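Participant: For reference, the sequence and a predicted model appear below.
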Amino acid sequence: MPSLRRASAAINRMDSLAAGRSPVHSLHPLAKLIVTVVYIVVVISCPPFNPGGLAVFLCYPLIIAPLSGTPLRPLFARLAIALPFSLAGAVSNLFLTPGAAFRIGSFVVGYGLLSFASIILKTLLTVFAALLLVASTPFEEINRQLTALGVPKIFCLQLVMTYRYLSVLIDEALTMTTAYALRAPEVKGVRFSDIGVFLGQLILRSFGHAEHVYQAMKCRGFDGGYQTRAGARLRPRDFIYTAAVCAGVVLLRVFL
């Protein structure tokens, strides 16, 4: 139950951060989206055996985070969620990538270790950049720019509905967990034998909530498309920011 409360609080925290005021928040969402995509693509394209070169890309999140007033602690907590997935692939490279890259005294640094470090760094940098985008831009604005860039509307609709309905699902799970705890106060969490029934009920209740949400949307004129209001226009400083940051990260990649 505490983990569900933390997840719900984390979603609300990111929404409150996105509604803040800072030089980064005032930039056009499209500029921030393009910069983030370019940054992620450049980081992913870096050589697999050069973790030292990847370290220079830390300058982007370490500059943008304080400029946007985004505290690092909640971002690191979200980064920790992505690490197990990258570790699963990175650990195998320790054993499947043979060869010695160089020596430090009597210690041999192999290509597998370099590949391991590169995968971890790439995960941290790309997830950090994506989190900074979400923490400085309302999710609806990001979705609007994705639609403007030609991303299929059905994908954008699913994306925004999943993001918005996630908090409802967590609240429903909290309600069920509280009810379970009241019926079994001596049990910590949910018994293993009851997990199947618990998850089944959660899915059924979620379907019910989804149907209510859909009916409410239909009553408000929903016709299968996600309608958005007209966004602000790009300003000269948005073009300057996009060009400067994109050129900077591309140059860093060229000289690695």
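Facilitator: Yes, it's here.
Participant: which stretches of this protein have low pLDDT?
Facilitator: Judged by pLDDT under 70, the chain has its weakly predicted residues at 1-8, 10-11, 99-103, 105-109, 224-231.
Participant: Kindly recompute the last result at 80.
Facilitator: 1-15, 49, 73-114, 163-171, 185-190, 192, 209-210, 221-232, 256 (pLDDT under 80).
Participant: Can you identify the helix in it that spans the most residues?
Facilitator: helix 153-183 (DSSP state H).
Participant: and it, which residues are buried?
Facilitator: 156-157, 159-161, 163, 169-170, 172-173, 176-177, 180 (16 or more other CB atoms under 10 Å). Where you see a C-beta, it was placed from the backbone N, CA and C, and this is true even at glycine.
Participant: Surely L17 is in contact with A135?
Facilitator: Yes. At 4.3 Å, L17 and A135 qualify as touching, with contact defined as CB atoms under 8 Å.
Participant: Quickly list what's touching both of the two.
Facilitator: Listed contacts common to L17 and A135 are T70; contacts here mean CB atoms under 8 Å, 6 or more residues apart in numbering.
Participant: Which one's more surrounded, those two?
Facilitator: A135 (25 against 22; other CB atoms under 10 Å).
Participant: for the strand or helix carrying the more buried one, packing partners?
Facilitator: Element membership for A135, per DSSP states H and E: helix 111-136. Applying 3 or more CB pairs under 8 Å, 6 or more residues apart in numbering; DSSP states H and E, one finds that helix 111-136 contacts helix 2-18, helix 29-44, helix 51-54, helix 59-67, helix 72-96, strand 100-104.
Participant: looking at those, which is closest to G248?
Facilitator: For G248, the closest of the helices and strands packed on helix 111-136 is helix 59-67, at 8.1 Å, according to CB to CB.
Participant: Please work out which residues outside that closest one touch it.
Facilitator: 22-24, 39, 70, 72, 75, 125, 128-129, 132, 136, 245, 249.
Participant: isn't A184 right up against S193?
Facilitator: No. If you go by CB under 8 Å, A184 and S193 don't touch, sitting 11.5 Å apart.
Participant: Sounds good, over and out.
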